[in-house]
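Visitor: no FASTA, just this:
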């Protein structure tokens, strides 16, 4: 059976998008190839026509997830809008649509060298985006350092808020994390 030109690339992209969402929700270790392919509406056997390994799919899903996150945050022209968007209950409550870095950082830290390299490259790009929203009178090194601290604060706050069983405390973590991130930007 012949497929239209571009079919394989479109199918691969569909698998990557499904994987990015599933990995955010269930983690890499908690997700099997059969489940991923089912999410994509495909059979398990077709996986290796697109990826050499699950780890290769993880790398592609990380790039996709970071690109999706960047697109969502691109509309924020100031740091306060970005911070408040990131640290809100809706983001906390929908990890499958949220920040892939917060969802997978622990697993990636234990992952392979190539996967960690992809993750590091994407973290640096996200941090650079935050740096563009910091005061222009700061030098580049100061903006980069502060942006790294702000992003780390955002990631950690979101992870804690997701893990907290007490919703009121989780909401307070989001609120106070946002306040702390904004203080870092103005001190």
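Guide: Perfect, thanks for sending it. Quantities reported herein were computed from a predicted structural model and do not represent experimental measurements.
Visitor: mind listing the helices for this structure?
Guide: Applying DSSP state H to the chain gives helices spanning 7-26, 33-39, 54-73, 79-86, 89-93, 100-109, 113-131, 140-163, 167-186.
Visitor: how about residues contacting the third one?
Guide: Residues from elsewhere that reach helix 54-73, judged by C-beta atoms under 8 Å, 6 or more residues apart in numbering: 12, 15-17, 19-20, 23-24, 28, 33, 36, 47, 51, 82, 85-86, 99-101, 104, 108, 111-112, 114-115, 118-119, 122, 125-126, 129. Any C-beta I mention is one placed from the backbone N, CA and C, and that applies to glycine too.
Visitor: show me which of these are buried.
Guide: Buried subset of the contacts of helix 54-73 (neighbour count, 16 or more other C-beta atoms under 10 Å): 12, 15-17, 19-20, 23-24, 28, 33, 36, 47, 51, 82, 86, 99-101, 104, 108, 111, 115, 118-119, 122, 126, 129.
Visitor: related to what we said a few turns ago, want to throw the helices of the chain into a markdown table with mean pLDDT?
Guide: Formatted as a markdown table, the helices of the chain follow (pLDDT from 0 to 100):
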| stretch | mean pLDDT |
| --- | --- |
| helix 7-26 | 88 |
| helix 33-39 | 87 |
| helix 54-73 | 90 |
| helix 79-86 | 95 |
| helix 89-93 | 96 |
| helix 100-109 | 94 |
| helix 113-131 | 95 |
| helix 140-163 | 97 |
| helix 167-186 | 96 |
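Visitor: spit out the contact partners of residue 144.
Guide: Neighbouring residues of residue 144 by C-beta under 8 Å, 6+ apart: 127, 128, 131.
Visitor: where's it relative to residue 134, distance?
Guide: Residue 144 sits 9 Å away from residue 134, going by C-beta to C-beta, to the nearest Å.
Visitor: what residues are up against the residue nearest in space to the middle of the chain?
Guide: Nearest residue to the geometric centre of the chain (C-alpha atoms, centre = their mean): residue 100, 2.1 Å. Residue 100 is in contact with 20, 23, 24, 61, 62, 65, 66, 68, 69, counting by C-beta under 8 Å, 6+ apart.
Visitor: relative to residue 163, which of those residues is nearest.
Guide: Nearest to residue 163, judged by C-beta to C-beta, of the contacts of residue 100 is residue 24 at 14.9 Å.
Visitor: now do the same contact list for the closest one.
Guide: Contacts of residue 24 by C-beta under 8 Å, 6+ apart are 65, 95, 96, 97, 98, 100, 103, 104.
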